[in-house]
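*Asks:* Below is the structure, and that's it, no one-letter string:
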Ligand SMILES: Cc1ncc(COP(=O)(O)O)c(C=O)c1O
């Protein structure tokens with residue numbers, strides 16, 4: 001196996017991708033192929049969390065003024081860099097579901113424009129949230145998949161009409177890794193006066209995302225998967241010209257233009273990304289996500305995508321060789337960083353792989369999900385596939 005080296009002309013630093021392996025302790029102990037679920041922890045997180053405890057222990061309440069108050073803004077900008085978001089356009093939240101609530105709270109569902117369009121491959125938490133908004137007057141139109149891998153873009157475009165308010169969809173589908181036709185969806189939405197909430201949880205960090213080129217209205221996702229940032233931090237980008245016009249009803253003192261005035265009565269919204277925030281921020285999680293964001297910003301998404309495309313193709317070729325069903329698109333331009341393989345007895349196989357320290361996961365209607373990241377070797381992919389082969393042959397011997 002040869003180490004990857006950046007191509008000539010790459011804007012990313014020259015450091016070899018595999019040399020980052022030493023930054024991730026779990027790579028020494030396991031075959032870690034599950035970055036679509038939880039990215040490997042950078043060893044810098046130990047220091048980041050110790051720094052948090054030291055700050056709290058030594059600076060006490062002064063920590064707010066000296067570091068903590070603006071931490072969400074700094075982290076928002078570090079995430080923003082990865083998706084070409086302008087400075088101060090990204091707020092941070094606890095999870096994507098909360099981001100949906102912040103967005104929903106900017107709108108009124110009592111008028112004619114109250115339709116919410118998405119597809120049934122959306123992440124379930126997002127669907128549960130919007131289904132529940134029907135009690136507030138929202139009308140949900142869910143476009144169905146035929147194959148469980150993708151929903152034809154045309155079908156989504158047809159559903160977006162003059163009564164559509166919001167289109168909350170995944171950029172990359174969690175189950176199949178299909179890349180939705182975000183450009184066409186955003187264009188159609190804007191043509192009829194609707195807004196798109198693009199969930200980039202499964203794209204940012206492995207597939208390029210450029211919020212300005214997309215001209216997307218809202219973008220949200222979390223940092224715990226491809227961004228190696230751990231649980232507790234999600235991000236919400238709002239298009240700056242739109243942000244000024246929005247007044248979230250889910251709000252609080254962090255969103256006030258002058259929080260420290262402790263003014264009584266209705267709020268005055270901040271002109272910054274904090275406009276979309278509410279109460280006291282999640283400081284430990286914000287501290288913990290920074291080492292991952294630093295590494296991702298240093299490595300650069302283009303190099304990650306280039307390597308991911310090659311390793312995903314390699315995984316698919318190995319699955320094909322064994323005749324296992326691949327529930328991920330065949331077109332490399334239409335798939336993200338995960339390969340879902342539904343081999344026989346895939347759930348039992350997944351449990352056995354975990355026992356052998358080969359970390360993957362299993363999802364209904366998908367199979368075993370393998371998600372190599374910039375720190376994985378080709379050897380690790382071979383180890384995982386060889387193990388599947390071995391488990392299946394052991395099972396067939398037992399069955400005889
Ligand atoms: C596309 C997508 N959206 C959202 C989520 C999670 O949402 P939340 O941050 O609300 O837990 C996931 C996975 O965990 C996901 O894959």
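*Replies:* Received the coordinates, thanks. Please read all numbers here as calculations on a predicted model, not as lab measurements. Numbers count the residues shown, from 1 in each chain.
*Asks:* Tell me the helix or strand right after the helix or strand containing residue 221.
*Replies:* If you go by DSSP states H and E, residue 221 is part of strand 218-222. As assigned by DSSP H and E, the chain's next helix or strand after strand 218-222 is strand 234-238.
*Asks:* gap between whichever helix or strand comes after that next one and the chain center?
*Replies:* Next along the chain after strand 234-238, taking DSSP H and E as the criterion, comes helix 240-243. Relative to its chain's centre, helix 240-243 lies at 22 Å (CA atoms, centre = their mean, to the nearest Å).
*Asks:* Other residues contacting helix 240-243?
*Replies:* Here helix 240-243 makes contact (CB atoms under 8 Å, 6 or more residues apart in numbering) with 86, 89, 195, 217, 273, 275-276. For glycine as for every other residue, the C-beta is placed from the backbone atoms N, C-alpha and C.
*Asks:* any idea of the mean pLDDT in stretch 385-400?
*Replies:* Taken as a whole, stretch 385-400 has an average pLDDT of 89.
*Asks:* what's next to that stretch, contact-wise?
*Replies:* Residues from elsewhere that reach stretch 385-400, judged by CB under 8 Å, 6+ apart: 315, 318-319, 322, 324, 341, 343-345, 348-349, 352-353, 356, 358, 368.
*Asks:* now, which of the residues you listed lie within helices?
*Replies:* Among the contacts of stretch 385-400, the subset assigned to helices under DSSP state H consists of 315, 318-319, 322, 348-349, 352-353.
*Asks:* Just send those residues back as a markdown table, with neighbour count too.
*Replies:* Listed next are those as a markdown table, based on neighbours: other CB atoms under 10 Å:
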| residue | neighbour count |
| --- | --- |
| 315 | 24 |
| 318 | 20 |
| 319 | 24 |
| 322 | 12 |
| 348 | 13 |
| 349 | 24 |
| 352 | 18 |
| 353 | 22 |
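*Asks:* I'd like these written out as JSON lines, with pLDDT and distance to residue 239 added.
*Replies:* Listed next are those as JSON lines, based on pLDDT from 0 to 100; distance: CB to CB, whole Å:
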{"residue": "315", "pLDDT": "97", "distance to residue 239": "36"}
{"residue": "318", "pLDDT": "97", "distance to residue 239": "42"}
{"residue": "319", "pLDDT": "97", "distance to residue 239": "40"}
{"residue": "322", "pLDDT": "96", "distance to residue 239": "46"}
{"residue": "348", "pLDDT": "96", "distance to residue 239": "46"}
{"residue": "349", "pLDDT": "97", "distance to residue 239": "44"}
{"residue": "352", "pLDDT": "97", "distance to residue 239": "47"}
{"residue": "353", "pLDDT": "97", "distance to residue 239": "42"}
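*Asks:* Wait, residue 333 touches residue 179, no?
*Replies:* Yes - contact criterion CB atoms under 8 Å: residue 333 and residue 179 qualify, at 7.5 Å.
*Asks:* of the ones in helices among the contacts of stretch 385-400, closest to the ligand?
*Replies:* residue 315 (19.1 Å; CB to the nearest ligand atom).
*Asks:* ok, for that closest one, nearest residue in space, not its chain neighbours?
*Replies:* Computed as CB to CB, 6 or more residues apart in numbering, the closest residue to residue 315 that is not its neighbour in sequence is residue 339, at 4.5 Å.
*Asks:* Now do the contacts for the one you found.
*Replies:* Going by CB under 8 Å, 6+ apart, residue 339 touches 177, 312, 315-316, 319, 326, 328, 369-371.
*Asks:* which of the residues you listed tops the neighbour count?
*Replies:* Most neighbours among the contacts of residue 339, by other CB atoms under 10 Å: residue 370, with 32 neighbours.
*Asks:* Doesn't that one lie inside a strand?
*Replies:* Yes - Residue 370 sits within a strand when classified using DSSP: H, G, I helix; E, B strand; the rest coil.
*Asks:* Tell me what it is bridged to.
*Replies:* residue 339 (DSSP bridges).
*Asks:* Give me the packing partners of the longest strand seen in the chain, helices and strands only.
*Replies:* Determined from DSSP state E, the single longest strand within the chain is strand 164-170. Helices and strands touching strand 164-170, by 3 or more CB pairs under 8 Å, 6 or more residues apart in numbering; DSSP states H and E, are helix 96-104, strand 115-119, helix 124-132, helix 182-191, strand 195-199.
*Asks:* Now for the residue nearest to residue 357 when sequence neighbours are not counted: which residues touch it?
*Replies:* Closest residue to residue 357 apart from its sequence neighbours, by CB to CB, 6+ apart: residue 30 at 4.5 Å. By CB under 8 Å, 6+ apart, residue 30 lies in contact with 357-359.
*Asks:* which one of those residues sits closest to the ligand?
*Replies:* Of all these, the one with the least separation from the ligand (CB to the nearest ligand atom) is residue 359, at 16.0 Å.
*Asks:* and the spatially closest residue to the closest one that is not a sequence neighbour, how many residues sit next to it?
*Replies:* Among residues not flanking residue 359 along the chain, residue 34 sits closest, at 4.6 Å (CB to CB, 6+ apart). Neighbour count for residue 34, taken as other CB under 10 Å: 22.
*Asks:* Residue 213 too?
*Replies:* The local packing of residue 213 (other CB under 10 Å) involves 11 other residues.
*Asks:* That one against residue 84, yeah?
*Replies:* Yes - using CB under 8 Å, residue 213 is in contact with residue 84, at 7.1 Å.
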